[in-house]
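*Asks:* sequence and predicted structure, then a few things I'm wondering about:
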Amino acid sequence: MNKVIESLRGGLIVSVQAYPGEPMRNPETMAQIARAAEQGGAVGIRCQGLADISAIKGRVEIPVLGIWKEGHDGVFITPTLRHARACSTAGADIVALDATRRPRPDGRTYAQTVSALHDEGILVMADCGSIDDARQAAECETDVLSTTLAGYTGERIKTDGPDMDLLAQMVGEFPNIPIICEGRVHTPAQASAVMKKGAWAAVVGTAITHPTTITSWFSQAIKNAE
Ligand SMILES: CC(=O)N[C@H](C=O)[C@@H](O)[C@H](O)[C@H](O)COP(=O)(O)O
């Protein structure tokens, strides 16, 4: 087992991302939040964009899982080999990619992309939207599989919390591959539940690092109480 992947075992990975046009979209801000998450016990940081990856890599000691989002439709999480290589060069210890079976903008298949990255010694995390995506990713020996895209690709219903059924299926089918649960883990109880289901690690983004959404949860609850 690779040392970086081993270090994530049984831990919390915090996703630190701000979206285009948002007030916190600034690499220094992201790095401060990542460092605060490390101080709170995170074992890894997932982050987006080359500037954020390099700013965060310089600030934390835990592994950085890098992505580069480009576009909105179809394959947009680290969509091409070029994006993935750039994430690695910027400092990502693991590069996460869209691992769906949809066409990719550079015409390469997912398998070809992973094979090229493996030839360069780059660790890959497969952002899956379904069990068929996970099967494809396992087939090409992706280092880590995750539930990141469950509910976002039309193959699975968007559950309120994490997609526990997909997680259980992935853990059952691939007992020898680390399976990370990512997507809509919103409470400590949910984080605990996904670990009990056999997740290697849990990724929490919005519920820790997206104040606008967290604020809306509270403001809505207060409105509803009126
Ligand atoms: C579908 C997609 O684009 N997910 C993105 C992947 O990096 C992020 O926007 C999510 O915040 C991240 O996956 C963590 O999930 P949550 O914020 O639900 O804890």
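*Replies:* Perfect, thanks for sending it.
*Asks:* quick one: name the residues of this protein near the ligand.
*Replies:* Contact residues of the chain with respect to the ligand, defined by Cβ under 6 Å from any ligand atom, are listed as 15, 17, 67, 77, 148-149, 152, 182-185, 203-207. Heads up, the C-betas are built off the backbone N, CA and C, glycines and all.
*Asks:* change it to 5 Å
*Replies:* Within the chain, the residues that sit near the ligand (Cβ under 5 Å from any ligand atom) are 15, 148, 152, 182-184, 205-206.
*Asks:* report the two of these separated the most.
*Replies:* In those, two members sit farther apart than any others by Cβ to Cβ. They are Ser15 and Tyr152, at 14.2 Å.
*Asks:* quick one: which of these two has more around it?
*Replies:* Under the criterion of other Cβ atoms under 10 Å, the comparison of Ser15 against Tyr152 puts Ser15 first, with 27 against 14.
*Asks:* pLDDT value on that one, please?
*Replies:* Confidence per residue is given as pLDDT, and for Ser15 that number is 98.
*Asks:* and it, what helix or strand is that in?
*Replies:* Ser15 is part of strand 11-16 when elements are defined by DSSP states H and E.
*Asks:* name the strands paired with that strand and say parallel or antiparallel.
*Replies:* Partner strands and pairing direction for strand 11-16 (DSSP bridges) are strand 44-48 (parallel), strand 201-204 (parallel).
*Asks:* make CSV from those and add distance to Val4, mean pLDDT and mean neighbour count to it.
*Replies:* Conversion of those to CSV gives the following (distance: least, Cβ to Cβ, whole Å; pLDDT from 0 to 100; neighbours: other Cβ atoms under 10 Å):
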stretch, distance to Val4, mean pLDDT, mean neighbour count
strand 44-48, 9, 98, 29
strand 201-204, 12, 98, 26
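*Asks:* that concludes my questions; thank you for your assistance.
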